[in-house]
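> structure for the following, please:
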Amino acid sequence: MDQSPNPVPVVEMPRSMARARIDDKGRIKLAADYLHFFDALPERRVFVTSTDRRIAEIYPIASWRKMEEFHASNEKLPSVRRAAFNAARFGAECEVDSQGRVNVNSELRRELGLDGQELHVYPYNRNRIRILTAAAYQASTLDAETADPNADEDELLAAGRP
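Alright, predicted model coming up:
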């Protein structure tokens, strides 16, 4: 019988967009497939922030550590310094609870206007979850609908899309 240890399962971020709301305690409840993702990670800690003051993001803590390394190694770039400052100003670390709820700090909620509206959450770059307000969702939808598909195809092919 094979006595080799079981390989560590590869945990993939969900691929679908979901709707959510901030509850009266300042928490966003994630859909079941997102909760399943966090349940499979070695750490349930997350860092919730915004680097651009437009879109909130939920980083699994391991992903946020990599982002901190990126910030540290590129601190001479003004855009990186701004992103790091915004992340620290609006960010807070917390744990995903057993119901899939994540605390979103009050300053971030206030800055982005997250309270009292339907939000859209979706995986981004396989390392974080983006939280879009209705306005940010509409802007993204309009951009996707009005973009020149031929230009997109050329850009994607140049980037090496499979």
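> who touches stretch 110-117?
21-22, 28, 50, 53-56, 90, 104, 108-109, 131, 133-135 (Cβ atoms under 8 Å, 6 or more residues apart in numbering). Bear in mind the C-beta positions are built from the backbone N, C-alpha and C, glycine included.
> among those, which one has the most neighbours?
A56 (29 neighbours; other Cβ atoms under 10 Å).
> and that one, what does it touch?
48-50, 104, 108, 112, 114, 130-131.
> in strands, which of those residues appear?
Among those, the members falling in strands are 48-49, 130-131 (criterion: DSSP state E).
> picking up where we left off before, how about the contacts of A56 in JSON lines, adding pLDDT?
Output for these, formatted as JSON lines (pLDDT from 0 to 100):
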{"residue": "V48", "pLDDT": "98"}
{"residue": "T49", "pLDDT": "98"}
{"residue": "S50", "pLDDT": "97"}
{"residue": "V104", "pLDDT": "98"}
{"residue": "L108", "pLDDT": "98"}
{"residue": "L112", "pLDDT": "97"}
{"residue": "L114", "pLDDT": "97"}
{"residue": "R130", "pLDDT": "96"}
{"residue": "I131", "pLDDT": "97"}
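> quickly check the contacts of stretch 110-117 for the two that are furthest apart.
Spanning the widest gap among the contacts of stretch 110-117 are R21 and R53, at 21.1 Å by Cβ to Cβ.
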